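# here is my input, please return the structure:
(one chain, ligands or ions: 1)
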Amino acid sequence: MAAHASLPALIRKKRDGERLEEEEIQSFVRGVTEGTAQQGQIGAMLMAIRLRGMDAAETLALSRAMAASGQALAWPPAWQGLVVDKHSTGGVGDKVSLALAPALAACGCKVPMISGRGLGHTGGTLDKLEAIPGFRVSQSPEQMRSILERVGCCIVGQSEELAPADRVLYSLRDVTATVDSLPLITASILSKKAAEQLSALVLDVKFGSAALYPTQESARELAQSLVAVGERLGIRTAAVLSRMDEPVGRCVGNSLEVLEALECLDGGGPPDLRELVITLGGLLLWQCGLAGAAEQASERLGRALDDGSALRTFEAMLGAQGVPPDTAHHLCSGTPAQRRQVLGQARLCEELPAPCGGWVQRVEALPLARVLHELGAGRERAGDPINLRVGAEVLVDVGQRLREGEPWLRLHHDGAPGGGALGAGPRQALQAALRLAAAPPGAPPPRLAEAILPPGTPPGAAPGR
Ligand code: IUR
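Sure, this is the predicted structure:
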């Protein structure tokens, strides 16, 4: 086809800093999907986009073309305005989705949550769910629709048919140093959301020492790009910028994170996790028109966590996705010990003592995640197996006084590489994650730093403003 033959011309055009027309972008994406574009050509185009950028119209065209490269999901007309999802740019201890999807469904939304396994240090949402015996992440569009009808939410993996162009582009971005391109990230995330036929989307864009974006300014740029393009795709889109220097909650590692998400679904758990759930969920409820404004939307989510309806919805979702009823029941209504029995426990449990006394200023997420990765909690490449039982519990709060020798971290693992107990190197790396001050530190900055809303949003309308 003539359009495919002109790929070198398109690459040249972008290389020289010109903008590409919608049909040109469609032609490039067709070449990617149909396999007529060579890997070298795709890599060259990715690098040209990475270096020269794309304006909002080009990014929109790329998102649309990638969404159209596969199947779109379809929902009954009665659900119009109610189909929602959340996307997070990834953080250490981020188990928000596990509590958010059922809480939103308990409030009347339809949540076909499509999640990933994550290449990060400690796995993604699907890895956490796979810690639950019997859970099936793979569901056909018909099965998703049936689960949404009965339960209101499901959490599934990305099927081969959903935005297949993204699969090709994403894997090549990984090996061509083009992951960190604003238009490519925007189109990658939004193409999948557009194919999901969402009414509303909320994005948790993380920034800080353990995030893809180190500064609030750079995260804001991505959030603004996602909100602008999302809105133009016809999805009501909002974003929250959240700090990612410390783990979300106290637990990191897949099965431990399921336990903590259950605490949140029980109305308890760490305050920062609950705050993320009710703020992100509140934005979605408000966007769907299921809550009037601001505080009401978050309060409604909070009630779903407190009155047991979110937890019951989670149990129903587990049942609908293959978990045997008594396993789901033990997990959702059991004691902490019964829950641990369902999820299994690592062979070894070690507590780390504080190396000296002081006030806890911070527990750094990144060194913690790196050590857990080495112990088997994360993967390098897609498809690598991971040990779902490896994890850590932070035993201290910021601002707390800690005496020398008091335990501050409980580590769960099946033996360090080449032996049993943790060696001196990883132990030292973990100890460096604990930042102690000589005097009580001031209040830490709030985890939720800023909301990015579409232009024209009335002040005071959205949660957290
Ligand atoms: N998640 C996505 O779906 N796409 C991306 O480009 C990134 C994260 I970075």
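
# tell me how far the nearest residue to Gly93 once chain neighbours are set aside lies from Gln287.
Of all residues not flanking Gly93 in the chain, Pro247 sits nearest, at 3.4 Å (Cβ to Cβ, 6 or more residues apart in numbering). Just so you know, the C-beta spots here come from the backbone N, C-alpha and C atoms, and that holds for glycine as well. Distance of Pro247 to Gln287, computed by Cβ to Cβ, to the nearest Å: 28 Å.

# same thing with Phe314?
Going from Phe314 to Gln287 by Cβ to Cβ gives 22 Å.

# then Leu368?
Leu368 is 34 Å from Gln287, where distance means Cβ to Cβ.

# between these two, which one's more packed in?
More crowded of Leu368 and Gln287, by other Cβ atoms under 10 Å: Leu368, with 29 against 25.

# surely the more buried one touches Ala433?
Yes. Counting by Cβ atoms under 8 Å, Leu368 does reach Ala433; the two are 4.9 Å apart.

# mind listing the shared neighbours of these two?
Common contact partners of Leu368 and Ala433 (Cβ atoms under 8 Å, 6 or more residues apart in numbering): Leu409.

# ranges for the helices of the stretch 201-350 of the chain?
216-232, 254-265, 271-288, 294-306, 309-320, 325-333, 336-343 (DSSP state H, counting those that start in this stretch).

# how about the stretch 351-465 of the chain: which residue is closest to the ligand?
Relative to the ligand, the nearest point of the stretch 351-465 of the chain is Ala382 (12.7 Å; Cβ to the nearest ligand atom).

# right, I mislabeled it, should have said the stretch 101-250 of the chain
The nearest approach of the stretch 101-250 of the chain to the ligand comes at Ser188, 3.5 Å away (Cβ to the nearest ligand atom).

# please report how far that residue lies from Arg381.
Ser188 is 18 Å from Arg381, where distance means Cβ to Cβ.

# give me the more crowded residue out of those two.
A direct count of neighbours by other Cβ under 10 Å for Ser188 and Arg381 places Ser188 higher, at 21 against 7.

# so where does the more buried one fall, helix or strand?
Using DSSP states H and E, Ser188 maps to helix 182-195.

# what pLDDT does Gly302 get?
Note for Gly302: predicted pLDDT of 98.

# again, but for Ala3
44.

# got the contact list for the residue positioned nearest the centre of the chain?
Centroid check for the chain by Cα atoms, centre = their mean gives Ser88 as the closest residue, at 3.4 Å. Ser88 is in contact with Asp94, Val96, Ser97, Leu203, Asp204, Lys206, counting by Cβ under 8 Å, 6+ apart.

# repeat that for Ala365.
Counting by Cβ under 8 Å, 6+ apart, Ala365 has contacts Gly91, Val92, Gly93, Ser209, Ala210, Met244, Asp245, Glu246, Pro247, Val252, Ala433.

# out of those residues, which end up buried?
Gly91, Val92, Gly93, Ala210, Met244, Asp245, Glu246, Pro247, Val252, Ala433 (16 or more other Cβ atoms under 10 Å).

# residues contacting Ala48?
Applying Cβ under 8 Å, 6+ apart, the residues contacting Ala48 are Ile11, Lys14, Arg15.

# taking the stretch 1-150 of the chain, what residue is nearest to the ligand?
Nearest residue of the stretch 1-150 of the chain to the ligand: Thr89, at 6.3 Å (Cβ to the nearest ligand atom).

# is it true that Gly319 touches Thr327?
No. Contact criterion Cβ under 8 Å: Gly319 and Thr327 do not qualify, at 9.2 Å.

# let me see the ranges of the strands in this structure.
For the chain, strands defined by DSSP state E occupy the ranges 84-88, 111-115, 153-157, 200-207, 236-243, 251-252, 348-353, 358-363, 391-394, 401-402, 407-413, 434-437, 448-452.

# among those strands, show me which one is buried the most.
strand 251-252 (a mean of 28; mean count of other Cβ atoms under 10 Å).

# within its sheet, name the partner strands of that strand and how each one runs.
Sheet pairing here is set by DSSP bridges, and for strand 251-252 it gives strand 391-394 (antiparallel).

# before we move on, the earlier item: got the strands of the chain as JSON lines, with mean pLDDT columns?
What follows is these, written out as JSON lines (pLDDT from 0 to 100):
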{"stretch": "strand 84-88", "mean pLDDT": "97"}
{"stretch": "strand 111-115", "mean pLDDT": "95"}
{"stretch": "strand 153-157", "mean pLDDT": "96"}
{"stretch": "strand 200-207", "mean pLDDT": "97"}
{"stretch": "strand 236-243", "mean pLDDT": "97"}
{"stretch": "strand 251-252", "mean pLDDT": "97"}
{"stretch": "strand 348-353", "mean pLDDT": "96"}
{"stretch": "strand 358-363", "mean pLDDT": "96"}
{"stretch": "strand 391-394", "mean pLDDT": "97"}
{"stretch": "strand 401-402", "mean pLDDT": "97"}
{"stretch": "strand 407-413", "mean pLDDT": "97"}
{"stretch": "strand 434-437", "mean pLDDT": "96"}
{"stretch": "strand 448-452", "mean pLDDT": "96"}
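
# redo these as CSV? Include distance to Gly31.
Below are the strands of the chain laid out as CSV (distance: least, Cβ to Cβ, whole Å):
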stretch, distance to Gly31
strand 84-88, 27
strand 111-115, 25
strand 153-157, 26
strand 200-207, 28
strand 236-243, 29
strand 251-252, 41
strand 348-353, 51
strand 358-363, 47
strand 391-394, 43
strand 401-402, 58
strand 407-413, 46
strand 434-437, 50
strand 448-452, 34
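
# briefly note if stretch 39-48 comes near the ligand.
No. With Cβ under 6 Å from any ligand atom as the measure, stretch 39-48 is seen stopping short of the ligand, the closest distance being 11.2 Å.

# returning to that earlier point: list the buried residues in the helix holding Ser188.
For helix 182-195, using 16+ other Cβ under 10 Å, the buried residues are 182-195.

# the residues you listed: which two are farthest apart?
Across those, no pair lies farther apart than Leu182 and Ala195, at 20.7 Å, counting by Cβ to Cβ.

# how about low-confidence regions in the chain?
Applying pLDDT under 70 to the chain flags the ranges 1-5, 118-120, 294, 459-465.

# what does it put close to the ligand?
Going by Cβ under 6 Å from any ligand atom, the residues of the chain near the ligand are Val179, Ile185, Ser188, Ile189, Leu212.

# which of these sits closest to Gly456?
Nearest to Gly456 among these, with distances taken as Cβ to Cβ, is Ile189, at 22.6 Å.
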